[in-house]
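Chemist: Any chance you can model this:
(one chain, ligands or ions: 1)
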Amino acid sequence: MNIKNSAREHNAHLIEVFSAIQGEGLNVGTRQIFIRFALCDLRCHFCDSAHTWNIPTKCRIERNPGLRDFENYSNPVPLEKLLEWVQQQNAPFIHDSISLTGGEPLIHAPFLIKFLPLIRALTKLPVYLETGGHRPQQLSQVMPYLDLVGMDWKLPSVSGENHWQAHKDFLQLCYESKLEVFVKIIVAKNTELADLQKAGELIGAVSPHIPVFLQPVTPLDTATGSITQITILPPSPDQVLAWQALMKGFVKQVRVVPQTHKMLNQL
Ligand code: SF4
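Modeler: Below is the predicted model:
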């Protein structure tokens, strides 16, 4: 996370840019141009993107939408190049939106403040932010340029991370600013009821109309998966039914959706 201040506004630290079908949350099934940023300040036990935790020497850029014809470029990437690559992906009528993902995109708030107004004007596509939802200060800086936010709330019993207050402040900020937002919660066999209860209470206190997605954890391939030795098992059907019923005591829309892009063999 050692990005020199002078370069932060005009250079992106990327993992990849590509076109694919969104597999999670409110946008599930839609086609997006994904911009995956490097760096994450969390270390979730279930992380399937540990390769994003550091800045790689090279990032990979898909030349044509969906063809997986990647070319490698050195990091960091000048803002103008990223504009060019995203616009190159933006073939007529294909995409529904641009997804900012990671890692944690809000680590790059100084860059996003410069980049987002330009990419919106260029592509005319809505911008979706996929975030851990624990950086409200950075959210407030980029909020004017966002159309939808997906927060990935971290239950301590599943993720090993604890950010209740930051999650609540972040959600409150979205709600008060009338920015469309949903909450995704990854659940596993070892999910503690007290964690779900607390999440339900906090979300419902902001608004019972905020959509919540319970996402059963995808078992990790031990060869490529998390660096932790902690075994994260998916929940049983009974657990999922009980947890959905519990959450519906706090919020009106609670959907249980696994990671569908992995079923479709998308990236
Ligand atoms: S926030 Fe996302 S990228 Fe970061 S450790 Fe957690 S799952 Fe991995």
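Chemist: tally of neighbours for the residue nearest to G133 when sequence neighbours are not counted?
Modeler: What sits nearest to G133 in space, not counting adjacent residues and going by Cβ to Cβ, 6 or more residues apart in numbering, is M151, at 3.1 Å. Using the backbone N, CA and C atoms, a C-beta is placed for each residue, glycine as well. As a burial measure, M151 scores 25 neighbours (other Cβ atoms under 10 Å).
Chemist: M151 and the ligand, how far apart?
Modeler: From M151 across to the ligand, the span is 11 Å (Cβ to the nearest ligand atom, to the nearest Å).
Chemist: where's that residue, which helix or strand?
Modeler: For M151, the host element (DSSP states H and E) is strand 148-153.
Chemist: Pairing partners for that strand, with directions?
Modeler: Here strand 148-153 has these sheet partners by DSSP bridges: strand 127-131 (parallel), strand 180-187 (parallel).
Chemist: Average pLDDT for the shortest one, rounded please.
Modeler: Put plainly, it is strand 127-131. Regarding strand 127-131, the rounded mean pLDDT is 98.
Chemist: just how off-centre is that strand within its chain?
Modeler: Here the centre of strand 127-131 is set off from its chain's centre by 6 Å, with Cα atoms, centre = their mean, to the nearest Å.
Chemist: most packed of the strands paired with strand 148-153?
Modeler: Of all the strands paired with strand 148-153, strand 127-131 has the most neighbours on average by mean count of other Cβ atoms under 10 Å, namely a mean of 24.
Chemist: between the helix or strand containing L196 and strand 148-153, how many degrees?
Modeler: For L196, the host element (DSSP H and E) is helix 193-206. Angular relation of helix 193-206 and strand 148-153 on a 0 to 180 degree scale: 150 degrees, by axes from the mean of the first three to the mean of the last three Cα atoms, to 10 degrees.
Chemist: Would you list the strands that the next helix or strand after helix 193-206 pairs with, along with their directions?
Modeler: Using DSSP H and E, the helix or strand that follows helix 193-206 towards the C-terminus is strand 212-216. Strand 212-216 sits in its sheet next to strand 180-187 (parallel), strand 254-256 (parallel), going by DSSP bridges.
Chemist: Return the set of buried residues in the helix or strand following strand 212-216.
Modeler: Sequence-wise, the next helix or strand downstream of strand 212-216 (DSSP H and E) is helix 237-247. Using 16 or more other Cβ atoms under 10 Å as the burial criterion, the residues of helix 237-247 that qualify are Q239, V240, W243, Q244, L246, M247.
Chemist: How far off centre is the helix or strand immediately after the strand holding M151 in the chain?
Modeler: Once strand 148-153 ends, the next helix or strand along the chain (criterion: DSSP H and E) is helix 156-159. The chain centroid and the centroid of helix 156-159 are separated by 17 Å under Cα atoms, centre = their mean.
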